[in-house]
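Engineer: sequence unknown, structure follows:
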């Protein structure tokens, strides 16, 4: 059984940290390592992480270590992503619909934002899409806006950063980087406004990109019922 008070030898510690970064479901943070190796000290553990990042920077490596959502995650290098996607293309993977991606982009750029404000940008009631995004833990409730009716304010989550390979909200790209998604106008309108929030799968893809199984690139798969967006008019519901 592992001795929680002991610190492995330097070479062994590097191997263990590499395995932990690979195996962790969520980005591994320095604090996670301090909890596991309290006697090692933050400086030593940070040095091990930095060394791991450097070791994976060589062009002949298939894996890289990137900083995501305040932690470290191992992923495949972008230039070999086509081969990785080809391997998993036959698997049935649930993806966000184009409606959900567009709504999520609006929230990311304009948070905190309310349902009526999202509808004003998209022109469609986003209630069902918001419910799906909340269920997927990509969006969270930030509170209520101090106006008549006190509508709910929405913002992105830590899981959002992890899902799209972002370290902080400052890593959000310019709207031009969205390509076809931005051409619809709604995302462009969202990015045009100032950010009101504090700037605080394993294959690397661009933000708000999700590759289709058939490679068609339209951002949609076989659509989940809870991702379908109702076309009903705004009935004044502030949820």
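Structural biologist: That came in fine, so what should we check first? The shown structure was predicted, so the numbers you read here are calculated from the model rather than taken from an experiment.
Engineer: tell me what the strand or helix carrying residue 108 is packed against?
Structural biologist: Residue 108 belongs to helix 98-110 when assigned by DSSP states H and E. Contacting helix 98-110 under the criterion 3 or more CB pairs under 8 Å, 6 or more residues apart in numbering; DSSP states H and E are the following elements: helix 115-122, helix 127-135, strand 152-156, helix 186-192. In short, each C-beta sits where N, CA and C put it, glycine included.
Engineer: Summarise which helices and strands the third one is packed against.
Structural biologist: When you say that, I think you mean strand 152-156. Looks like strand 152-156 contacts helix 98-110, strand 113-114, helix 115-122, strand 139-144 (3+ CB pairs under 8 Å, 6+ apart).
Engineer: Repeat that for the first one.
Structural biologist: Other helices and strands packing on helix 115-122, by 3+ CB pairs under 8 Å, 6+ apart, are helix 98-110, helix 127-135, strand 152-156, helix 186-192.
Engineer: Please produce CSV containing the ones you listed, extended by mean neighbour count and mean pLDDT.
Structural biologist: Formatted as CSV, the helices and strands packed on helix 115-122 follow (neighbours: other CB atoms under 10 Å; pLDDT from 0 to 100):
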stretch, mean neighbour count, mean pLDDT
helix 98-110, 24, 92
helix 127-135, 19, 94
strand 152-156, 21, 96
helix 186-192, 19, 55
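Engineer: before we move on, the earlier item: can you redo the helices and strands packed on helix 98-110 as CSV with distance to residue 109?
Structural biologist: Below are those laid out as CSV (distance: least, CB to CB, whole Å):
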stretch, distance to residue 109
helix 115-122, 10
helix 127-135, 15
strand 152-156, 10
helix 186-192, 4
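Engineer: Out of these, flag the one nearest residue 9.
Structural biologist: Among these, strand 152-156 comes nearest to residue 9, with 41.0 Å by CB to CB.
Engineer: who touches that closest one?
Structural biologist: Under the criterion CB atoms under 8 Å, 6 or more residues apart in numbering, residues 104, 107-108, 111-115, 118, 130, 138-145, 169, 197, 238-239 lie in contact with strand 152-156.
Engineer: among those, which ones are buried?
Structural biologist: 104, 107-108, 111-115, 118, 130, 138-140, 142, 145, 169, 197 (16 or more other CB atoms under 10 Å).
Engineer: Could you list the low-pLDDT ranges of the chain?
Structural biologist: Low-confidence segments of the chain, defined by pLDDT under 70: 1-6, 88-94, 175-239.
Engineer: same thing but at 80, please
Structural biologist: For the chain, applying pLDDT under 80 flags the ranges 1-11, 85-95, 174-239.
Engineer: and it, what are its domains?
Structural biologist: Using automatic domain parsing, the domain ranges for the chain come out as 10-76, 98-227.
Engineer: Would you mind giving those domains as CSV with distance to residue 87 added?
Structural biologist: As requested, these are exported to CSV (distance: least, CB to CB, whole Å):
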stretch, distance to residue 87
domain 10-76, 10
domain 98-227, 10
